[in-house]
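Asks: Here you go, sequence then predicted model.
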Protein chains: 2
Amino acid sequence: MAHRQAQQRRPSIHDVASRAGVSAATVSKVMQGVTTVRPENAQRVYDAVEFLGYRVDPLASDMRRAKRRIIGAIMPEFESEFFGSMITELEGLAEQRGYTLVAASSRESEAREKEILARMHDWRVAGVVLAPVRNEHGPAAGFMKLNGMTGVLIDRVLADDAFDTVSADSAAASAEVARELLSKGHRHILVVGLGHQAATVRARLDGFRTKALQLVPDIRIDVVLSESDVEPLRSLLRDYFAKGERPTAVYSLFLKGTLVVLSEFRRRGWHCPDDISLVGFDDAEWMQVTWPAIAAVVQPVREIASNAVDVLFRRIEGEGGPPKARLEPCKVLMRESVGSPGGGPHSGGGNRQ
Amino acid sequence: MAHRQAQQRRPSIHDVASRAGVSAATVSKVMQGVTTVRPENAQRVYDAVEFLGYRVDPLASDMRRAKRRIIGAIMPEFESEFFGSMITELEGLAEQRGYTLVAASSRESEAREKEILARMHDWRVAGVVLAPVRNEHGPAAGFMKLNGMTGVLIDRVLADDAFDTVSADSAAASAEVARELLSKGHRHILVVGLGHQAATVRARLDGFRTKALQLVPDIRIDVVLSESDVEPLRSLLRDYFAKGERPTAVYSLFLKGTLVVLSEFRRRGWHCPDDISLVGFDDAEWMQVTWPAIAAVVQPVREIASNAVDVLFRRIEGEGGPPKARLEPCKVLMRESVGSPGGGPHSGGGNRQ
DNA sequence: TTGAAAGCGCTAACAG
DNA sequence: CTGTTAGCGCTTTCAA
């Protein structure tokens, strides 16, 4: 029970000390669970703490310590389920270790990414979980390196010579998508992506292409990549289909791409899977309630988050050694949006989920 | 240009002071833009700052100031577009004012909400933007009140006697949905909601019902409310339809409800709008690319965020007066999921995008 | 086992 | 206009 009324100033360690009749140093020790305090005194401290409703000021406390118990997280956006859950996970994990997470969105801008990082450096964060906008070679990673910050890179990265990385095994997942689509009989497939995310998009594309060519050497794979932004993709795609191209399946390498593809299908009046099949990288809750349900590659958010945090704290605690690159396996959920080419209505058998 | 190499210790204000040949106090003044410093000295400080790559430590600085330039944000979740954009907006707004945003997810738990708040209080945040799990009367708001914290309540709130509130005008939006559905000829409508969000769900329900009854006194409105969680809603809904109920339209009062409704439609093989119409509170990107596109009420995220921050800073700066309750107008986007009852295939005319 | 003293990095009050 | 002094709230030697 807090006995103080809505107070002006919160009680400080000295208030506790004087009420308990000990020194601030002793209170500090008790609060940190040091065992060399006489039980009698400890009890007096506990009583005073309870009476005053005292709580340690974590910032003041960090001020004196070596490292601050804060970790930073920088994501390209907060609006998607993927990064939203990522932040939720990271926050929980940080909290478990007695750290506070400060999260910021780079809003897909490398410039902003670097500014945020500089601000986090000002905050003397103990470490940073950075999901770079583009890849591991951006200015933000450079800044971290230059300033000797400790951090881990996630998501749109493959491997780095300065930082540990944790990401989804895009290549393997894409290979599996290739296997699934080819096994359904698709022989002309369009792959849609965003070029500037280099690292991962490349891995996804290569993983898909390599496996596909290995299984069916004369498979036809078209690629529509938008270099910079999502919007151009819309017209590139429109042009592609306007030329009369008629692949039997589309594999979108990222979530917004899947939305763009769907909206292009709408425009042309095509339905999945009767007119064309679709698989997207990145799952979302709505994909299983729409009709048809959209097949998707599910990234293991929890695994990525927990590995990232593990690795990060290992570095924070001073563990050395060369940076490691972790890849976490994805799940591929084939849903109704995938059928057999030419299957037509009510014949696209073999759908799971 | 920073001339230091990857340093062990960041330069402090004293390093700058001694290099510039002035006192720390003078450096502090220069950094804060105080104009009463002799230009010559100011220049020496700037030079030293640049040479050393010095940046003020915001935490140390706050330590001495009255208030810390940190504001906290607590959202029920980060996974949805709504709260994701909310955080993005809040972060940007806080940053504009030189504040850092510390965000946390209560994960739909009032217990956790209160814990987070206590931690933020420990941090001596200048203010809090709280989107309560349930409503303005939860334990978290009580905690804030009790501890004299300054804050603003958003989203699932209507009005409070201790804090300013900012939320979407759910009632007005729901009235508009009623008007739209009735004008299309619907006379039997199911409303689906989650009871425990009391404040807003009640407003949405009442807004809808009042307007509907006013327009068509003998309209039939069924209500399926799940008290606690989303999952029970699924079976309640199943039972409802199993009884043979056959409304011509469904209005879901919250996003997850819309997903549940859609998935129930799937299960029964019903298509919108031919078999039944659907409108959901809360918009999402995917809703305009699915087939049919889902009609939705769009909450004005930016307006809510910017008003919340305005109001909050006004309080932080000591402005008095009774708490105000703001309601921001929503947009209702009627899309293909809404047609006329009995319209059947290709006759659900009058759809707008 | 304890507490006095010395700060962490910064700012504010007040002499000079 | 500038520097000295005195802290913010806490932790950490280190001597007692």
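Replies: Everything's here; your move. Since the model is a prediction, treat every value here as computed from it, not as a measurement.
Asks: Could you report the distance from A:Arg268 to A:Asp275?
Replies: According to CB to CB, to the nearest Å, A:Arg268 stands 8 Å off from A:Asp275. All C-beta atoms are positioned from the backbone trio N, CA, C, and that covers glycine.
Asks: Comparing these two, which residue is more hemmed in?
Replies: Of the pair A:Arg268 and A:Asp275, A:Asp275 is the one with more neighbours under other CB atoms under 10 Å in any protein chain shown, namely 15 against 12.
Asks: who's in contact with the more buried one?
Replies: Taking CB atoms under 8 Å, 6 or more residues apart in numbering or on different chains, we find A:Asp275 in contact with A:Phe265.
Asks: any idea which element it lies in?
Replies: Assessed by DSSP states H and E, A:Asp275 sits outside every helix and strand.
Asks: That one and B:Thr290, how far apart?
Replies: Taking CB to CB, one finds A:Asp275 at 15 Å from B:Thr290.
Asks: same check, this time on A:Pro300
Replies: Taken as CB to CB, the span from A:Pro300 to B:Thr290 is 26 Å.
Asks: So these two - more neighbours on which side?
Replies: B:Thr290 (25 against 15).
Asks: wait, is the more buried one part of a helix?
Replies: No - the assignment for B:Thr290, made by DSSP: H, G, I helix; E, B strand; the rest coil, is coil rather than a helix.
Asks: Give me the nearest residue to it, chain neighbours excluded.
Replies: What sits nearest to B:Thr290 in space, not counting adjacent residues and going by CB to CB, 6 or more residues apart in numbering or on different chains, is A:Thr290, at 4.6 Å.
Asks: Can you pull the poorly scored residue ranges out of chain A?
Replies: A:1-8, A:343-353 (pLDDT under 70).
Asks: per-domain residue ranges of it.
Replies: Here the domain parsing of chain A from automatic domain parsing is A:65-167+A:301-328, A:170-298.
Asks: mind putting those domains in JSON lines, distance to DNA strand C included?
Replies: Listed next are the domains of chain A as JSON lines, based on distance: least, CB to the nearest atom of the strand, whole Å:
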{"stretch": "domain A:65-167+A:301-328", "distance to DNA strand C": "8"}
{"stretch": "domain A:170-298", "distance to DNA strand C": "36"}
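Asks: Leaving out the residues flanking it, which one is nearest to A:Pro323?
Replies: A:Asp164 (4.8 Å).
Asks: And the next helix or strand past the lengthiest helix in chain A?
Replies: Criterion DSSP state H: the longest helix present in chain A is helix A:198-215. Counting by DSSP H and E, the next helix or strand C-terminal to helix A:198-215 is strand A:220-226.
Asks: got the buried residues for the next helix or strand after that following strand?
Replies: Helices and strands here follow DSSP H and E; after strand A:220-226, the next one along the chain is helix A:231-242. Within helix A:231-242, the residues scored as buried using 16 or more other CB atoms under 10 Å in any protein chain shown are A:Leu233, A:Arg234, A:Leu237, A:Tyr240, A:Phe241.
Asks: Looking at those, which is nearest B:Lys324?
Replies: The closest of the buried residues of helix A:231-242 to B:Lys324 turns out to be A:Arg234 (CB to CB; 42.4 Å).
Asks: What is the neighbour count of the nearest residue in space to that closest one that is not next to it in sequence?
Replies: Spatial nearest neighbour of A:Arg234, chain neighbours left out: A:Val260 (5.3 Å); criterion: CB to CB, 6+ apart. Neighbour count for A:Val260, taken as other CB under 10 Å: 23.
Asks: how close does A:Val260 get to A:Leu213?
Replies: 26 Å.
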